[in-house]
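J.: task: produce atomic coordinates for the following.
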Amino acid sequence: MTVQVEQIDRITIVTINRPEVRNAVDRPTADRLAEAFRDFEANEESNVAILTGAGGHFCAGADLKAVASGERRNRLEVDGDGPMGPSRMLLSKPVIAAIEGYAVAGGLELACWCDLRVVASDAKLGVFCRRWGVPLIDGGTVRLPRIIGLGRALDLILTGREVPASEALSMGLANRVCEPGDALGQAIALANRIDSFPQSCMRADRISAYESFDFQEISEALRSEFERGMTVVASESIAGATKFSAGEGRHGKFE
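T.: Alright, predicted model coming up:
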């Protein structure tokens, strides 16, 4: 299978499994990725997903050999799923990218689709498709500026240069940098931490952060944030405040 799915406790791990082409995505793989994340979204027994790649690489982008051959093996429709699969989805639950090796071109777009990125110190990121005349059509021009700012995003988009993990961390593209080979392990640890929180509250804050980019007026964004937050006050906030009053979490303790 070109996409493997595994569930560990309440964490779903989705692995692109085409190591012979650095996990480049063709149309069947894109379809399977989209299906995997729809299943995750519907799975009430899983709260966080991790997207990673087999064989020491995250994803080298779209399968350009399929494009060059003229075969309709890559998804190129304006409606439905994105060319790389799940890139047009806005899930209600978080996804973490565990990045080893190359995360470039469409692979970088998949990484930007994820909420957080754990990056091995020897990984390489970038808009490598710039040199081949292949555009960013999986949200790269939308998400990259939101994550790292317009100036830095344009640097990557216009030059197509390689970005090492250390620079990715400094610009906010990477959220964590770890030892080579440990990206998945660190992503699982991070996913477990996120899973440990009250989920309705976390999800409401998360979706509000995303939707705030789509509001023209800050007043509308603030209203939406408040309305979403109030839906979880009765279900989770009072219980959390009670725990605090009983002595939990004092002096900065996070357990």
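J.: number of residues surrounding residue 200?
T.: Neighbourhood size, residue 200 [other C-beta atoms under 10 Å]: 15. Glycine gets a C-beta too; all of them are placed from N, C-alpha and C.
J.: I figured it was touching residue 228, is that so?
T.: No - using C-beta atoms under 8 Å, residue 200 is not in contact with residue 228; the gap is 9.6 Å.
J.: quickly list what's touching both of the two.
T.: Common contact partners of residue 200 and residue 228 (C-beta atoms under 8 Å, 6 or more residues apart in numbering): none.
J.: ranges for the strands of the stretch 51-200 of the chain?
T.: Applying DSSP state E, counting those that start in this stretch to the stretch 51-200 of the chain gives strands spanning 95-99, 102-104, 116-120, 124-126, 163-164, 176-178.
J.: where's the one residue sitting closest to the centre of the chain relative to residue 90, distance?
T.: Using C-alpha atoms, centre = their mean, the residue of the chain that lies closest to the mean C-alpha position is residue 114, 0.8 Å off. As judged by C-beta to C-beta, to the nearest Å, residue 114 and residue 90 stand 12 Å apart.
J.: what of residue 126?
T.: Taking C-beta to C-beta, one finds residue 126 at 25 Å from residue 90.
J.: now do residue 17
T.: Noted for residue 17: a distance of 25 Å to residue 90, by C-beta to C-beta.
J.: and these two? Which one has more around it.
T.: residue 17 (17 against 10).
J.: I'd assumed residue 24 was in contact with the more buried one.
T.: No - assessed by C-beta under 8 Å, residue 17 is found out of contact with residue 24, at 11.7 Å.
J.: low pLDDT regions in this structure?
T.: For the chain, the stretches with pLDDT under 70 are 66-76, 215-219, 221-222, 225, 229-230, 233, 236-238, 240-245, 247-255.
J.: OK, contacts around the residue lying closest to residue 112 once chain neighbours are set aside?
T.: Distances taken as C-beta to C-beta, 6 or more residues apart in numbering put residue 143 closest to residue 112, at 4.1 Å, once the chain neighbours are dropped. By C-beta under 8 Å, 6+ apart, the contact set of residue 143 is 109, 112-113.
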